[in-house]
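Undergrad: have a look; sequence and predicted model below, questions after that.
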Amino acid sequence: MDEFSTLEVMLVDNEDLVRRGFRHALGKASDITVVADTRVGEEALRMFELRRPQVVLVDAEYEFIRKLAKPSAAAAPGIAPGIVPGIVVLTSIDLDSHLFGSLKAGASGFLLKSSSQEELTSAVRAVAGGAAFICPTMTRRLIDRFEILPPPQERSHAVALATLSGRETQVLSGIAMGRSNQEIARELHVTPATVKSHVSRILAKLELPNRMHAALMAQRSGLVHPPQPAQAPRASAGPPVAPSPSSPLSSGRSRAPGQADLVKARTTL
């Protein structure tokens with residue numbers, strides 16, 4: 001996205017006041033534009049086809065989400081194949097079943113309607129950039145319960161991952177560490193569009209609905225491991241040594257190696 005363009009968002013909710021409130025909140029962000037808002041249903045699908053927004057904010061309407069996440073002539077007539085927006089669920093119910101059901105249906109983000117304006121705009125930017133966003137109050141539940149992955153079927157994780165090319169494996173590793181398409185592109189010295197194409201092929205080969213499931217599969221299979229905070233060094237028997245001016249201790253802002261990546265991996269899988 002260049003400096004003159006904005007992220008286009010569509011609001012889908014059966015409550016008019018809810019849509020009006022979120023339209024007002026998003027309108028305060030200079031890089032986000034609400035291009036449509038409507039109730040759930042066929043009219044919403046037609047409006048999506050007409051406007052083609054990058055992000056759709058919708059209540060936990062699983063069937064509607066599946067139609068957007070897996071567009072096909074059979075599932076959603078009128079939606080061109082391959083046009084898949086970033087989907088953020090906005091719900092007032094903080095149940096595990098809503099979180100896991102939304103992710104299984106194909107959403108890349110999950111927010112409670114009580115979330116802050118900052119969380120709302122962060123979620124929009126994250127999913128538009130190819131990442132995922134779970135509100136902090138629900139992130140712990142996601143980490144604690146990895147069984148949102150589909151149960152093992154005819155292929156094991158190892159067999160499925162073996163179908164990926166070397167470059168696709170590198171991209172999957174970046175996804176599993178919580179990196180966006182732009183970050184992966186910089187690391188691999190390719191364009192974000194190339195990374196996006198790799199992500200699409202990875203999801204197709206692994207038969208997964210979104211990058212959240214791909215990240216969890218990569219971690220559960222041992223392809224990558226989230227970095228762990230470093231252990232505190234053992235106390236030395238010798239006298240204390242004052243930190244030098246160049247020492248991280250002198251700033252008072254140091255944190256354990258890998259801690260920042262761990263936090264990011266947990267909140268932007």
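TA: In hand now; what should we look at? Just so it is clear, the structure is predicted and the values come from calculations on it, not from any experiment. Numbers count the residues shown, from 1 in each chain.

Undergrad: element containing residue 68?
TA: helix 62-69 (DSSP states H and E).

Undergrad: mind listing what whichever helix or strand comes after that helix pairs with, with the direction of each?
TA: Using DSSP H and E, the helix or strand that follows helix 62-69 in sequence is strand 86-91. As defined by DSSP bridges, the strand partners of strand 86-91 come to strand 55-58 (parallel), strand 109-112 (parallel).

Undergrad: got the contact list for the last one?
TA: Just to be clear, that refers to strand 109-112. 86-92, 94, 98-99, 102-103, 119-120, 123, 126-127, 132-135, 137-138 (Cβ atoms under 8 Å, 6 or more residues apart in numbering). In short, each C-beta sits where N, CA and C put it, glycine included.

Undergrad: mind checking pLDDT for residue 127?
TA: If you check residue 127, the pLDDT there is 91.

Undergrad: that one: what secondary structure?
TA: Classification of residue 127 using DSSP: H, G, I helix; E, B strand; the rest coil returns helix.

Undergrad: show me what contacts the closest residue to it other than its chain neighbours?
TA: Computed as Cβ to Cβ, 6 or more residues apart in numbering, the closest residue to residue 127 that is not its neighbour in sequence is residue 86, at 3.0 Å. Counting by Cβ under 8 Å, 6+ apart, residue 86 makes contact with 54, 55, 56, 108, 109, 124, 126, 127, 128, 130.

Undergrad: just checking, the second one touches residue 88?
TA: Yes. Counting by Cβ atoms under 8 Å, residue 55 sits close enough to residue 88 to count as a contact (6.4 Å).

Undergrad: hmm, back to that, among the contacts of strand 109-112, which ones are buried?
TA: 86-91, 98-99, 102-103, 119-120, 123, 126-127, 132-135, 138 (16 or more other Cβ atoms under 10 Å).

Undergrad: quick one, strands of the stretch 1-150 of the chain?
TA: For the stretch 1-150 of the chain, the strands defined by DSSP state E, counting those that start in this stretch cover 7-12, 32-38, 55-58, 86-91, 109-112, 133-134.

Undergrad: mean pLDDT and distance to residue 22 added to these, as TSV?
TA: Shown next, in TSV, are the strands of the stretch 1-150 of the chain (pLDDT from 0 to 100; distance: least, Cβ to Cβ, whole Å):
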stretch	mean pLDDT	distance to residue 22
strand 7-12	95	6
strand 32-38	94	8
strand 55-58	94	6
strand 86-91	92	7
strand 109-112	92	10
strand 133-134	88	15
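
Undergrad: closest one to residue 208 among those strands?
TA: strand 86-91 (14.9 Å; Cβ to Cβ).

Undergrad: can I get the closest one in PDB? Just the C-alpha atoms.
TA: Backbone C-alpha positions of strand 86-91 (Å, rounded to 0.1, in the frame of the first residue of the first chain) are rendered in PDB as follows:
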ATOM      1  CA  GLY A  86      -9.000 -10.700   5.300                       C
ATOM      2  CA  ILE A  87     -11.900 -11.600   7.600                       C
ATOM      3  CA  VAL A  88     -12.200 -10.300  11.100                       C
ATOM      4  CA  VAL A  89     -14.900 -11.500  13.400                       C
ATOM      5  CA  LEU A  90     -16.500  -9.000  15.700                       C
ATOM      6  CA  THR A  91     -18.700 -10.600  18.400                       C
END
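
Undergrad: tilt between the helix holding residue 68 and strand 86-91?
TA: Here the directions of helix 62-69 and strand 86-91 differ by 170 degrees (axes from the mean of the first three to the mean of the last three Cα atoms, to 10 degrees).
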